[in-house]
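Student: Test case, fold it:
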Amino acid sequence: MTDNPYRMLGVGLTISGTILGPIAFFILNSVPMTAIAISAIMIGITSIAIATTRPRISPEFSQLMFETGMENIVSFLEELGIKSKAIYLPSTMRTGSAQALIPLTENVDIEEIKRKIPERLIVQYGENPDDMAIAITAPGGVGLDKLEIKSGSTATEIEQVLNYVLTGLLDLANSAEVHISDRQLYIEISKPKLQYHDKWYYRCIGSPIASIVASIASDGIGKPIRIKEESYRNGNNIIHLEVLV
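Tutor: A predicted model of the protein is given here:
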């Protein structure tokens, strides 16, 4: 048994109510005391149930670690003077967790990215010596490889996985709606709990929610994807993705 306060409280109340109940009913013949004992048992069982859902690491600590890692990436990219937008790669072009490729130059020939990107920080994605990029683990893509369901290439299939991840798994939004037109994807995230901020980091890599969306969409379509535009309007996150061929 761990030192979970809810579990300790629940066990204490359950044991106390179990002992007090028979004494109050059969010996003291007290209805109020019997009711208190039954209430203690019910509250105790509820506390034990709550203890099983309590995360081992607090959400506040997880957010702190995420923001720390994000700031480190920001400092690193700013120090190198990189301003190009990240390219999210499908699983067929990477190894390990979902990766975002940040080219060192803005003029990128996507046709040069024809092979799997190795698990290194600085990678060469093409044949030319200048085809260099920074490969980072996508901020919102950690653990997506272990999803029970995989995305397909249609708007309905992508929307289904996004709702499963953002609404059911991570509880980051109310819903997701996907529209595909030619090589453009338009995703509207309803009531996101992580808001978009118009700053350099988000314009380069995207917000955490946009990162999740781009990672899932890229894997479903099977092609590299770039976050073309992201905005926050009327309480919804509007994400515009561009499929690179």
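
Student: So residue 17 sits against residue 45, correct?
Tutor: No - assessed by C-beta atoms under 8 Å, residue 17 is found out of contact with residue 45, at 9.4 Å. The C-beta positions use only the backbone N, C-alpha and C, and glycine is treated the same way.

Student: which stretches of the chain form strands?
Tutor: For the chain, the strands defined by DSSP state E occupy 87-88, 99-103, 122-124, 132-137, 175-181, 184-190, 225-233, 236-243.

Student: and these, which is most packed in?
Tutor: Most buried of the strands of the chain, by mean neighbour count (mean count of other C-beta atoms under 10 Å): strand 87-88, with a mean of 28.

Student: Can you spell out which helices and strands pack onto it?
Tutor: Counting contacts by 3 or more C-beta pairs under 8 Å, 6 or more residues apart in numbering; DSSP states H and E, strand 87-88 is packed against strand 99-103, helix 208-221, strand 225-233.

Student: Can you check which of these gets nearest to residue 81?
Tutor: Closest of the helices and strands packed on strand 87-88 to residue 81 is strand 99-103, at 11.8 Å (criterion: C-beta to C-beta).

Student: Can I get the closest one as PDB, trimmed to CA atoms?
Tutor: C-alpha atoms of strand 99-103 as PDB (Å, rounded to 0.1, in the frame of the first residue of the first chain):
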ATOM      1  CA  GLN A  99       9.600  13.600 -35.000                       C
ATOM      2  CA  ALA A 100       9.500  17.100 -36.300                       C
ATOM      3  CA  LEU A 101      12.200  18.100 -38.800                       C
ATOM      4  CA  ILE A 102      13.400  21.700 -38.600                       C
ATOM      5  CA  PRO A 103      15.500  22.600 -41.600                       C
END
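
Student: Can you name the residues in contact with that strand?
Tutor: Strand 99-103 is contacted by residues 77, 82, 84-89, 113, 117, 123, 125, 132-139, 141, 204-205, 211, 214, 224 when judged by C-beta atoms under 8 Å, 6 or more residues apart in numbering.

Student: let's see 6 Å
Tutor: 82, 84, 86, 87, 88, 89, 133, 134, 135, 136, 138 (C-beta atoms under 6 Å, 6 or more residues apart in numbering).

Student: Output those as CSV; include the columns pLDDT.
Tutor: Putting the contacts of strand 99-103 into CSV (pLDDT from 0 to 100) gives the following:
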residue, pLDDT
82, 78
84, 83
86, 88
87, 90
88, 91
89, 87
133, 86
134, 85
135, 84
136, 81
138, 73
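
Student: Would you tell me which one of the residues you listed comes nearest to residue 10?
Tutor: residue 138 (39.5 Å).

Student: Enumerate every residue touching the residue located most distally from the centre of the chain.
Tutor: Residue farthest from the centre of the chain, counting by C-alpha atoms, centre = their mean, is residue 27 at 56.4 Å. Residues near residue 27 by C-beta under 6 Å, 6+ apart: none.

Student: Residue 155 now?
Tutor: Counting by C-beta under 6 Å, 6+ apart, residue 155 has contacts 178, 180.
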